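Asker: pasting the sequence and the predicted model now:
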Amino acid sequence: MHVGYSIDKKKFKLFTVRSNPLLTNEIASLLGCAVGKSSVKRFSDGEVQINIEESVRGSEVFVVQSTSQPGNEHVMELLIMIDALKRASAKEINVVIPYFGYARQDRKARAREPIAAKLVANLLETAGADRILTVDLHAPQIQGFFNIPVDPLQGLPLLARYFQNKALQQPVIVAPNHSGLGRARRLAEYLDAPIAFIDKRHPEPGFPQAVNVVGDTEGREAIIVDDLIDTAATVTLAANALQENKVSAIYACCTHPVLTGPAIERLQIAPIKEIVVTNTIELDEDKKVGNLTVLSIAPLLAEAIYRVHREQSVSTLFQ
């Protein structure tokens with residue numbers, strides 16, 4: 001990572017909409033630039049109106065917006081922002097989406113279902129996006145939904161460094177389901193630790209699901225890793241199973257703290273010592289529970305933005 005950044009302030013512009021103002025301010029501070037002036041207003045019927053309040057003609061623009069809750073509003077705000085920048089003659093529009101919503105709808109799991117992630121990709125391109133930067137896509141194949149460059153940055157190294165500094169004695173990395181084994185394996189490589197996973201089964205319709213821990217976890221410090229925590233049902237189920245397997249401590253970590261519905265209540269009563277997340281999604285104060293640690297993704301995004309601005313390689317940031 002760079003210690004100091006040198007950007008062309010005459011042609012470089014950084015904007016935000018409404019989802020990540022604090023993160024954008026931190027990125028701006030690291031890059032040594034100001035956040036561009038814009039306003040978001042609403043008509044009485046709820047329509048979004050966005051005004052760019054400074055010239056962007058001929059500029060290389062970066063706009064930061066997660067499509068997190070309320071996802072529909074944030075998607076629409078982002079599309080209108082891109083359109084406004086395009087019509088104001090911005091030379092290049094780079095869209096920084098720390099959390100890419102709708103990524104869980106990446107395929108047709110059942111008949112007559114949409115592929116909403118592809119639709120969102122189409123909308124972003126049609127609006128005028130020239131490049132996408134995002135962090136830990138729920139489904140990596142979403143990169144292929146775009147016909148423009150996509151830089152898929154990785155938040156896992158940030159989480160790994162945090163746990164390396166904790167110097168745990170006997171960590172074991174736990175995938176909360178089969179699909180998370182790849183992610184667990186990557187974190188295990190960083191920490192030189194074994195892996196385990198939670199095997200969930202429904203023996204018969206109407207019966208409670210059986211939960212088995214596959215792997216050696218007894219007496220170890222378990223780290224449950226996922227890309228996101230939404231309602232927290234999966235992570236708390238895993239934590240309870242690990243507690244029954246007599247682990248010495250339970251940690252949980254993810255890149256995206258979606259935290260909807262009963263998530264906070266579940267996390268407060270779960271046997272989890274610490275929950276480590278990043279700030280790809282800005283959390284309301286009532287979601288900042290006592291055992292929640294938030295790591296900043298701003299240095300990673302600032303570095304990626306700088307490299308794109310300077311036409312340098314970004315590939316090392318997602319290897």
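Answerer: Now that the structure is in, tell me what you want to look at.
Asker: residue ranges in the stretch 151-300 of the chain under the pLDDT threshold?
Answerer: The stretch 151-300 of the chain contains residues with pLDDT under 70 at 202-208, 210.
Asker: where do the strands sit along it?
Answerer: 171-175, 195-201, 210-214, 221-229, 249-257, 274-278, 292-295 (DSSP state E, counting those that start in this stretch).
Asker: which outside residues touch the third one?
Answerer: For strand 210-214, the external contacting residues (Cβ atoms under 8 Å, 6 or more residues apart in numbering) are 174, 196-203, 237, 240-242, 244-245. Yep, even glycine has a C-beta here, placed from its N, CA and C like the rest.
Asker: can I have the buried ones of those as a ChimeraX selection?
Answerer: With 16 or more other Cβ atoms under 10 Å as the criterion, this ChimeraX line picks the buried residues out of the contacts of strand 210-214:
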select :174,196,197,198,200,237,240,241,242,245
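Asker: dump the strands of the stretch 151-300 of the chain to CSV, plus distance to residue 130.
Answerer: Below are the strands of the stretch 151-300 of the chain laid out as CSV (distance: least, Cβ to Cβ, whole Å):
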stretch, distance to residue 130
strand 171-175, 36
strand 195-201, 39
strand 210-214, 45
strand 221-229, 26
strand 249-257, 24
strand 274-278, 25
strand 292-295, 29
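Asker: residue 135 is nearest to which of the ones you listed?
Answerer: With Cβ to Cβ as the criterion, residue 135 lies closest to strand 249-257 of the strands of the stretch 151-300 of the chain, at 6.1 Å.
Asker: remind me what the closest one packs against, helices and strands.
Answerer: Contact analysis of strand 249-257 by 3 or more Cβ pairs under 8 Å, 6 or more residues apart in numbering; DSSP states H and E lists helix 156-166, strand 221-229, helix 233-244, strand 274-278 as its packing neighbours.
Asker: could you dump the ones you listed to a markdown table with distance to residue 44?
Answerer: Shown next, in a markdown table, are those (distance: least, Cβ to Cβ, whole Å):
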| stretch | distance to residue 44 |
| --- | --- |
| helix 156-166 | 42 |
| strand 221-229 | 35 |
| helix 233-244 | 38 |
| strand 274-278 | 37 |
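Asker: distance of residue 200 from residue 218?
Answerer: When distance is defined by Cβ to Cβ, to the nearest Å, residue 200 is 20 Å away from residue 218.
Asker: hmm, back to that, which of the helices and strands packed on strand 249-257 is buried the deepest?
Answerer: strand 221-229 (a mean of 24; mean count of other Cβ atoms under 10 Å).
Asker: circling back: of all the strands of the stretch 151-300 of the chain, which one comes closest to residue 123?
Answerer: Proximity to residue 123, assessed across the strands of the stretch 151-300 of the chain by Cβ to Cβ, is greatest for strand 249-257 (20.6 Å).
Asker: check the offset of the closest one from the chain's centre.
Answerer: Centroid separation for strand 249-257 versus its chain: 13 Å, with Cα atoms, centre = their mean, to the nearest Å.
Asker: partners of it in the sheet?
Answerer: Pairing partners of strand 249-257, with direction, according to DSSP bridges: strand 221-229 (parallel), strand 274-278 (parallel).
Asker: ok, residues contacting that strand?
Answerer: By Cβ under 8 Å, 6+ apart, strand 249-257 touches 68, 99, 135-136, 155-156, 159, 162-163, 221-229, 235, 239, 242-243, 271-278, 280-281, 283, 287, 292, 294, 297.
Asker: so for residue 22, which of the strands paired with strand 249-257 sits nearest?
Answerer: Once Cβ to Cβ is applied to those, the stretch that comes out nearest is strand 274-278, at 12.6 Å.
Asker: dump the closest one to CSV, restricted to CA.
Answerer: Included here for strand 274-278 are C-alpha records, laid out as CSV according to Å, rounded to 0.1, in the frame of the first residue of the first chain:
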residue,chain,number,x,y,z
GLU,A,274,-16.3,-11.5,18.9
ILE,A,275,-17.8,-10.7,15.5
VAL,A,276,-15.4,-9.1,13.1
VAL,A,277,-16.8,-7.3,10.0
THR,A,278,-15.7,-4.5,7.7
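Asker: okay, angle between it and helix 156-166 too, please.
Answerer: Strand 274-278 runs at 140 degrees relative to helix 156-166, counting by axes from the mean of the first three to the mean of the last three Cα atoms, to 10 degrees.
Asker: and strand 274-278, how far out from the chain's middle?
Answerer: Here strand 274-278 shows a centroid-to-chain-centroid distance of 13 Å under the convention Cα atoms, centre = their mean.
Asker: what's the local residue count around the closest residue to residue 234 other than its chain neighbours?
Answerer: The shortest distance from residue 234 to any non-neighbouring residue, by Cβ to Cβ, 6 or more residues apart in numbering, is to residue 176 (4.8 Å). Using other Cβ atoms under 10 Å, residue 176 is surrounded by 26 other residues.
Asker: thinking again about what came up before, of the helices and strands packed on strand 249-257, give the one that comes closest to residue 24.
Answerer: Closest among the helices and strands packed on strand 249-257, using Cβ to Cβ: strand 274-278, at 14.7 Å.
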